[in-house]
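[1] no sequence for this one, just the structure:
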């Protein structure tokens, strides 16, 4: 019952966020210099082409009408038709998504796999050499721009060692392994700086929890320091860590946009840059909305995960 | 042979000396109270007995449990000891339990850590243990989470965790300090019962001498890391040797004599005051509920009167304080000071506020750490239309500081340069500086050590004589209220259940709640010939 | 003073100094093309080598530091200038509708990663350093609003604030007189961190062509230029990369060091 209430409340907030975000994106596109149609076609457009595009974009109808038909279209899976490619945006997005989404998930997995052990190790060796070493490494990791790191990976593993291709994506039809192989360098480039952040959050969350009274209670029961950390510390430390994982996923999706440039990956990022240079606002609008949807949705999932971790949240809803 | 024998224990943490040459014994089935003011090292003594000392701690001396010196044990052996041979109960039940685990799991964990048994078996024993500490399973199933329990109930869970394996020694570190009087009495009774039933040694750490005198077989008095005196309770109480012990008991029983006052003109009048708060919805689409924190409250305070207000946590004291100060609107009723309402429309009435000041409980949180004392205590001047400037302002600052026993030179210092007692004096100076008609003391001496508390009470009595104070003294501490007020209100669940002359109420309470409060409060035995 | 704080201050000072000196002196004219010496590795004449147009990389880095500082500084300014008052306001009216609106607005901005904001702005208004500043700055607002509100909320529970309320001071007055001075430390620390994040973000945006435009030198653009040359002239990618890493590292170390130095809670824990 409480869980249901909590879920409904978060769901309501998800819907409101999406509604406001869509209005914001729609408005920004609408304020394009001139109107979207003349902006897309540039200075030298033929009046007939311009008129045709205006009709296609529905510019002859009122703004609210246009907004609602855009939203209604997206809700039914119709993202409009790309002006430059003359194909439905939904198809293009779907195709690209199969690169961007696996890349983000791959990177998130790597980042978590690196960060959790590193953070737990550092927290349990607080102030000693192991802690100082891990923290020094994360300081460096946080400072490295991922796209530069990507270039270095290419230089080392593709150009010098020739273990990986320098760019491009073989496609999933070549098999899961081949697909993952061609996403490995980009995923590492994305994951390492994020892992550094996550490890620091993990460590400090654990250290905060270690100072809690109930950790002392656990030791007084006869638990070893390690048992107390695993049985009582970790789950309480997960609350701030989950927040960061949620933020990171959205960052990885967006950060992927830049990394896709380095590796020439046919993902959402390249699509969006191609669309920007082609002034294809229809694609830009829908892909941005999609990215924002992904972020909001991930945050919603994180909120639900909180409640699973912390019984107090379920009660407070 | 003793159950626990601490021999010449000396402890330092990062070169700070915490304990010096501490020695004492606890026998099986014996209740030993270790008492002293803050900084006496009593809690560190408890942690040393558990060998749960902070990092950087170095000890010399021996801690013998039976025939073993546990200071020589390695960590795995100590883990086998903690929770099994020695159990521990902590001060703060609100934070001592893991918020994300059920109480059943947490009690069963003690058993599972030490014994090879099944989970089901451990849960069964956990249920029995909870039953034993007064949490019957039909009302408190194992699946409860800590946040669903009250403070007293949580402390029972902590006790259940500590005694689940029937340890030989139980250490209780200020186990009732965070609890209300009636809950405190129950928890203390529970601890004594468990110790007696199991023949368990009980090391009781507490600052409250009344508690000590009521339950301990033996008393150990500590000061600044040293044992100054120890002995059997009866003997020690009647034949104190050390001046510090005498001072401590005298300060605990400290009484002041208030100057006579002729209080007939009404100053503060509260009529039919109610205050409601909204509570969260219970169902998905239900209406938000209503919680009445203060219900139909009426009383008056005359000019020159010293009025007390006692009640346990959640009785509506804080709500009433905020309403009196005009910080919040009331839902119904009126509050007037000198005939004027403290709150008009949607705004506090600042013209009335200037005749009223407040002193809070926490001597550390009451001051902005970034301002000097002069700026802190002149803050109420903001209420005046023409605040004094220049020499007049300086004079007011000096007068206020001198009145509370500080010096004018203190005005230029920052607050961290003062002790807790001095800070409370500064808080009183801040209240006095605009010469208000009424001061509200909101648990103003509750956070202080007994010796400091006695001094502040003396100061209040002096100020009553010199400034003809009228005040409302809000406290949960009955002994303090008894000595510092002329009349008292007893509050329960947002209502005044009894009011009258302080001495009459205390000697002849009428309402059952007042009776239970007075019965539950531990009292010091009558000790003659003590001076602070 | 701990060692990492000193190292952080040194690195940050070096970076700021490089930017300041570049106004009056650089080893070479940063914009002068010198094709004959193009793609030279580090040597005695060009300490950090030259790029594909024969420009001196050290000089470019020095001038590029100006762009980084300008973008990051203004972005932090926007974030603080709007975020801190919003956070104070939300905390002063905690639990009210205005608090809810401000915090939900924050969440909403968080849903637009700065890159997405930058993309939107660039798509509509074209690329440029100003748009990069706005994109990073907007993203900074909720960061500062949130941290200010969080710290202010716990301060509002303190009794000295209650004493100020009893003295009849308004919420706005209390916010500026009592709350703001007590959150300054936190803001300085967060400011340093956001500053370093701003430098990273500017580099990223310029790298994909959404930030500073030619001829403004920028570290991110230098890296974009280097990408196609990375196999024949790795120093073109290495040098700007090192510049970014050392600067960000320096600022982060300084932020952490300041936090330890300024946070009395941590100080107490250490003693």
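    Okay, I see it. These numbers were taken from a predicted model, which means no experiment stands behind them.
[2] show me where chain A has helices.
    With helices called from DSSP state H, chain A shows them at A:2-30, A:36-41, A:47-57, A:63-75, A:89-124, A:129-143, A:146-153, A:176-210, A:213-220, A:225-228, A:234-263, A:268-277, A:281-309, A:311-316.
[3] contacting residues around the residue of chain B found nearest chain A?
    Residue of chain B nearest chain A, by C-beta to the nearest C-beta: residue B:83 (3.4 Å). C-beta coordinates here come from the backbone N, C-alpha and C atoms, glycine included. Each residue near residue B:83 by C-beta atoms under 8 Å, 6 or more residues apart in numbering or on different chains is listed here: A:220-223, B:110, B:113-114, B:161-162, B:164-165, B:167.
[4] select, out of the helices of chain A, the one closest to residue A:160.
    helix A:146-153 (10.6 Å; C-beta to C-beta).
[5] residue A:208 - how many residues pack around it?
    Neighbour count of residue A:208, defined by other C-beta atoms under 10 Å in any protein chain shown: 14.
[6] measure the closest residue to it other than its chain neighbours to chain B for me?
    Spatial nearest neighbour of residue A:208, excluding adjacent residues (C-beta to C-beta, 6 or more residues apart in numbering or on different chains): residue A:237 at 7.4 Å. As defined by C-beta to the nearest C-beta, to the nearest Å, residue A:237 lies at a distance of 11 Å from chain B.
[7] for the closest residue to residue C:256 other than its chain neighbours, grab phi and psi.
    Nearest-residue entry for residue C:256: residue C:4, 6.7 Å, with adjacent residues in sequence omitted and distances by C-beta to C-beta, 6+ apart. Backbone geometry at residue C:4, expressed as degrees, to the nearest 10, gives phi -70, psi -30.
[8] enumerate the residues of chain C near chain B.
    C:158-160, C:162-169, C:178, C:181-182, C:264, C:271 (C-beta under 8 Å from any C-beta of the partner chain).
[9] which ones among those residues are found in helices?
    Those of these lying in helices (DSSP H): C:159-160, C:162-166, C:181-182, C:264.
[10] state the pair within the residues you listed that is farthest apart.
    C:166 and C:264 (25.4 Å).
[11] more crowded one of the two?
    Shown here are residue C:166 and residue C:264; by other C-beta under 10 Å, residue C:166 has more neighbours (26 against 10).
[12] the closest residue to residue B:360 other than its chain neighbours: how many residues sit nearby?
    Excluding the flanking residues, the one nearest residue B:360 by C-beta to C-beta, 6+ apart is residue C:159, at 4.1 Å. Around residue C:159 there are 20 other residues, counting by other C-beta under 10 Å.
[13] same question, the one 3 residues further on
    Other residues within reach of residue C:162, judged by other C-beta under 10 Å, total 21.
[14] check contacts around it.
    By C-beta under 8 Å, 6+ apart, the residues touching residue C:162 are B:327, B:358, B:360.
[15] next, residue B:498: phi, psi?
    Torsion angles, degrees, to the nearest 10, at residue B:498: phi -160, psi 140.
[16] and the two most separated of the contacts of residue B:83?
    Once C-beta to C-beta is applied, the contacts of residue B:83 give A:223 and B:167 as the farthest pair, at 15.2 Å.
[17] for chain B, what is the nearest residue in chain A?
    For chain A, C-beta to the nearest C-beta, closest residue to chain B: residue A:222, 3.4 Å.
[18] from what I see, that residue and residue B:112 are in contact.
    No: counting by C-beta atoms under 8 Å, residue A:222 sits too far from residue B:112 to count as a contact (10.2 Å).
[19] for residue B:338, give me its contacts.
    By C-beta under 8 Å, 6+ apart, residue B:338 lies in contact with B:267, B:352, B:355, B:437.
[20] still on that earlier bit, looking at the contacts of residue B:83, which are in strands?
    Per DSSP state E, strands hold no members of those.
[21] from the residues you listed, which is closest to residue C:132?
    Lowest distance from residue C:132 to these (C-beta to C-beta) belongs to residue A:223, with 51.5 Å.
[22] need the residues of chain C near chain A, please.
    C:104, C:107-108, C:110-113, C:115-116, C:119-125, C:196, C:200, C:203-204, C:207-209, C:223, C:226-227, C:230-231, C:234, C:237, C:240-241, C:244-246, C:248-249, C:252-253, C:256.
[23] near residue B:339, how many other residues are there?
    Residue B:339: 9 neighbours (other C-beta under 10 Å).
[24] residues in contact with it?
    Contacts for residue B:339 (C-beta under 8 Å, 6+ apart) come out as residue B:269.
[25] buried ones in stretch B:225-245?
    B:225-231, B:233, B:236-237, B:240, B:244-245 (16 or more other C-beta atoms under 10 Å in any protein chain shown).
[26] centre-most residue in chain A?
    For chain A, residue A:250 is the residue whose C-alpha lies nearest the centre (C-alpha atoms, centre = their mean; 2.2 Å).
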